[in-house]
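> what follows is a predicted protein model with its sequence.
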Amino acid sequence: MTTSPSRRRSADDRLFRLGTGIFALLVVLLVAAIGYELFKTSRLSIAKFGLAFWRTKTWDPVAGEFGALPFIWGTLYSSFLALLISTPIALGIAIFVSELAPRSLRTPLAFLTELLAAIPSIVYGLWGIFVLVPVVRGLETHTPAWLRKVPLFSGPPLGVGMLSAGLILAVMVIPFTSSVAREVLKAVPATQREAAYALGATRWEAIRAALQFGRTGILGAIILGLGRAVGETMAVTMVIGNNPQVSLSLFAPQYTMAAVIANEFTEAADDLYLSALIEIALVLFVITLVINALSRFLIWRVSREIKVKEPRSAGAEKAAA
Amino acid sequence: MIRAARRRLLSNFVAGLCGLAVVLALVPLAFVFFYVVKQGFSSLNWDFFTQMPKPVGEPGGGMANAMVGTLILIGLASLLAIPVGLIAGVYLSEYAGGKFASAVRFTADVLNGVPSIVIGIFAYGLAVLPVHRFSALAGGLALGFMMIPIVTRTTEELLNLVPSTLREGALALGATRARAAFGVMVPAALPGIMTGILVALARIAGETAPLLFTSFNNRFFTARLDQPIASLTVQVYTYAISPYDDWHRQAWAGALVLVAFVFIFSVLARMVTRRLERMHRT
């Protein structure tokens, strides 16, 4: 019995779908495998310290005492600082490039700002150590004495510390936030602005209307930047000072979750130490997973709401960058 | 009237602020480039590309072994990530509408945001812990995992640029979907996909964190995959945090090589993508 060509073709097509689908599935499996592996190798620390791990300040590998509070604090503080600086700048860039700049300038400006994302983290770190940190140190030594009494500016003027980390992180986060925000603004229908202009709005008022319209996506762009800041390792490790303490001071050398892993992982001699570091990695993984999922969800929702002419993802350029 | 003037003033003021934001972002870019080129160029010489690292205290030497190491590492990463990413990308583009495709797309984007240091630990647990030895293989694995989502999404994006009439034509002529995808669509998008892969490679070559405890470092030349291997980035890191001026100079030279690599590929990719877009727009 012979099978008809059309039936063979549909069998072939099913095979094709299955075959390529398996590779697509690998992407999903990879994420699951990362979570499983990290959980498996950090069980020792999870079992020993439980939730106290995240509330304890002491990090003393020699005594076998591990508390990760300073690292969580450092990661949150530095990321918050980075977002504080980068968000207005990134949104300004997005508005300028998509709404204000002359058409001929748009592409080159977008390219240049996205080049910021292409520079390797280690190069930022190198630049941070030898150029940024001395500048920050100069700034800190020239801080007037009365200001130094404020907890925010107390501590020795070392240059390395929270301020340097926040600044370098901000620079690194800007391209991610601005490119997604730009895509969102581009996707806002022109009718929104036209309606605003028709009502007699000024340019800024029309832009504000567009921002209002795409606010979910803008929020997604900011959260995407947060995800980058939280996970950034090398540049921060090189300028933050690597001192596990919980301090409000911008001048104080502190530590982040990613930095402690980068610094101490190869030195971790015993299983508990290693497992404590991997637990930090596990939490970092979960945090960035949640942040990125949230950000993608928000961006996806706004692009679906807007229903652009052609379905395209807001993160496309970012992925290519 | 005054109110209108005030509103116009505010509008211009905000526009000025937005322009200022662009300047604020371009200043660090210019500064980083300026320093890397200035410091790197004066330390870059023939030795840097041909010599091995000298012991502490001896001036001179280069990063020949580290550059070969980086090439080996990104070669290994490509072996893993290009087939997986390419085929997964074909799936996403061929079955774009499905729920599973959306889920994969979503996961790929999320994976792209997972910190590289976490990927490094994963590769450590997979390939270092069981054999108790750092290896080039582990480093290549870590870089490959990072590359997979980038190649997947780039392939998908570029396949989507190819007009679907091409696929329909192939199917109408009796081609199977596999033939239509791999025989027509992929070749049509190939220049773009290849540059996309080059950009991914350039980005991966600049990664340090996932290599710290997978491929580690090696002062000597090696091509063995089960041994620790040097890489440009880890070498730059080691030299940057060292107390020696001569090593600092070499770190800058290494940074210049990295930046040049990334920059050239970014510009190249931009040119190719734009040409493809223009070609397929009509």
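Yes, it's here. Numbers count the residues shown, from 1 in each chain, chains lettered A, B, ... in the order given.
> remind me which residues of chain A are low pLDDT?
A:1-5, A:307-321 (pLDDT under 70).
> and residue B:153, how many neighbours?
Per other C-beta atoms under 10 Å in any protein chain shown, the neighbour tally for residue B:153 reads 28. In this view, the C-beta of every residue, glycine as well, is placed from N, C-alpha and C.
> can you say which helix or strand has it in it?
helix B:136-161 (DSSP states H and E).
> state the mean pLDDT of that helix.
Mean per-residue pLDDT for helix B:136-161: 94.
> after that helix, next one along is what?
Following helix B:136-161 toward the C-terminus (DSSP H and E): helix B:164-172.
> give me the contact list for that following helix.
B:177, B:179-181, B:183-185, B:188 (C-beta atoms under 8 Å, 6 or more residues apart in numbering or on different chains).
> intersect those with the contacts of chain A.
B:177, B:181 (C-beta under 8 Å from any C-beta of the partner chain).
> closest one of the contacts of helix B:164-172 to chain A?
residue B:177 (4.5 Å; C-beta to the nearest C-beta).
> where does the closest one land on pLDDT?
91.
> pretty sure it contacts residue A:13?
Yes - in this structure, residue B:177 is within contact of residue A:13 by C-beta atoms under 8 Å, at 4.5 Å.
> okay, these two: which has more neighbours?
A direct count of neighbours by other C-beta under 10 Å for residue B:177 and residue A:13 places residue B:177 higher, at 23 against 16.
> how about that one, what does it touch?
A:12-13, A:16-17, B:94, B:171.
> next one: residue A:243
A:252-255.
> enumerate the positions of stretch A:244-264 that are buried.
Of the residues in stretch A:244-264, A:244-245, A:247, A:249-264 count as buried by neighbour count, 16 or more other C-beta atoms under 10 Å in any protein chain shown.
> where's residue A:228, which helix or strand?
Under the assignment here (DSSP H and E), residue A:228 is part of helix A:215-231.
> what residues of that helix count as buried?
A:216-231.
> could you identify the helix or strand that succeeds it?
helix A:234-239.
> other SSEs contacting that following helix?
The elements that helix A:234-239 packs onto, with contact taken as 3 or more C-beta pairs under 8 Å, 6 or more residues apart in numbering or on different chains; DSSP states H and E, are helix A:121-127, helix A:162-187, helix A:257-264, helix B:232-240.
> what about the third one, near chain B?
Yes - in this structure, helix A:257-264 sits against chain B according to C-beta under 8 Å from any C-beta; the contacting residues are A:258, A:261-262.
> cool, and the second one?
Yes - using C-beta under 8 Å from any C-beta, helix A:162-187 comes into contact with chain B via A:171, A:174-175, A:178.
> any weak-confidence spans in chain B?
For chain B (pLDDT under 70), the answer is B:1, B:280-282.
> which parts of it are helices?
B:2-43, B:46-50, B:64-94, B:99-112, B:116-123, B:136-161, B:164-172, B:177-179, B:186-205, B:232-240, B:245-281 (DSSP state H).
> quick one: the longest one to chain centroid distance?
When distances are taken as C-alpha atoms, centre = their mean, to the nearest Å, helix B:2-43 is centred 27 Å away from the chain's centroid.
> how near is the one residue in the stretch 151-282 of chain B that gets nearest to chain A to residue B:255?
Closest residue of the stretch 151-282 of chain B to chain A, C-beta to the nearest C-beta: residue B:206 (2.9 Å). For residue B:206, the distance to residue B:255 (C-beta to C-beta, to the nearest Å) stands at 10 Å.
> of those two, who's got more company?
residue B:255 (31 against 23).
> could I have the CA atoms of stretch A:285-296 written out in PDB?
Provided in PDB are the C-alpha atoms of stretch A:285-296 (Å, rounded to 0.1, in the frame of the first residue of the first chain):
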ATOM      1  CA  PHE A 285      17.900  34.000  40.100                       C
ATOM      2  CA  VAL A 286      14.400  34.100  41.500                       C
ATOM      3  CA  ILE A 287      14.400  37.900  41.900                       C
ATOM      4  CA  THR A 288      15.600  38.500  38.400                       C
ATOM      5  CA  LEU A 289      13.100  35.900  37.000                       C
ATOM      6  CA  VAL A 290      10.200  37.700  38.700                       C
ATOM      7  CA  ILE A 291      11.400  41.200  37.700                       C
ATOM      8  CA  ASN A 292      12.000  40.200  34.100                       C
ATOM      9  CA  ALA A 293       8.700  38.300  33.800                       C
ATOM     10  CA  LEU A 294       6.800  41.300  35.200                       C
ATOM     11  CA  SER A 295       8.600  43.600  32.900                       C
ATOM     12  CA  ARG A 296       7.900  41.500  29.800                       C
END
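> residues touching that stretch, excluding its own?
Taking C-beta under 8 Å, 6+ apart as the rule, stretch A:285-296 contacts A:31, A:34-35, A:38, A:220-221, A:223-224, A:226-227, A:230-231, A:315, B:106, B:109-110, B:112-115, B:118.
> sort out which residues of that stretch are buried, please.
By 16+ other C-beta under 10 Å, the buried positions in stretch A:285-296 come out as A:285, A:287-289, A:291-296.
> how much space between the residue most central in space within chain A and residue A:287?
Of all residues in chain A, the one closest to the mean position by C-alpha atoms, centre = their mean is residue A:228, 1.4 Å from it. According to C-beta to C-beta, residue A:228 stands 12 Å off from residue A:287.
> and the buried residues of stretch A:285-296, which of them are in helices?
Those of the buried residues of stretch A:285-296 lying in helices (DSSP H): A:285, A:287-289, A:291-296.
> ok, back up a step: deepest-packed of the helices of chain B, please.
Each of those was scored by mean neighbour count; the highest is helix B:116-123, a mean of 29, by mean count of other C-beta atoms under 10 Å in any protein chain shown.
> next, the angle helix B:99-112 makes with that helix.
Helix B:116-123 and helix B:99-112 are oriented at 110 degrees to each other (axes from the mean of the first three to the mean of the last three C-alpha atoms, to 10 degrees).
> who touches helix B:116-123?
A:33-34, A:37-38, A:41, A:231, A:233, A:258, A:261-262, A:265, A:278, A:281, A:284-285, A:288, B:138-139, B:141-142, B:145-146, B:207, B:209-214.
> how many other residues sit next to the closest residue to chain A within the stretch 51-200 of chain B?
The stretch 51-200 of chain B approaches chain A most closely through residue B:115 (2.8 Å), counting by C-beta to the nearest C-beta. The local packing of residue B:115 (other C-beta under 10 Å) involves 24 other residues.
> what's the nearest residue to it if we skip its chain neighbours?
Closest residue to residue B:115 apart from its sequence neighbours, by C-beta to C-beta, 6 or more residues apart in numbering or on different chains: residue A:231 at 2.8 Å.
> now do the contacts for that neighbour.
A:258, A:284, A:288, B:113-118.
> please tell me how far the residue nearest the centre of chain B sits from residue A:117.
Compute the mean C-alpha point of chain B, and by C-alpha atoms, centre = their mean the closest residue is residue B:203, 1.7 Å away. Counting by C-beta to C-beta, the gap from residue B:203 to residue A:117 is 9 Å.
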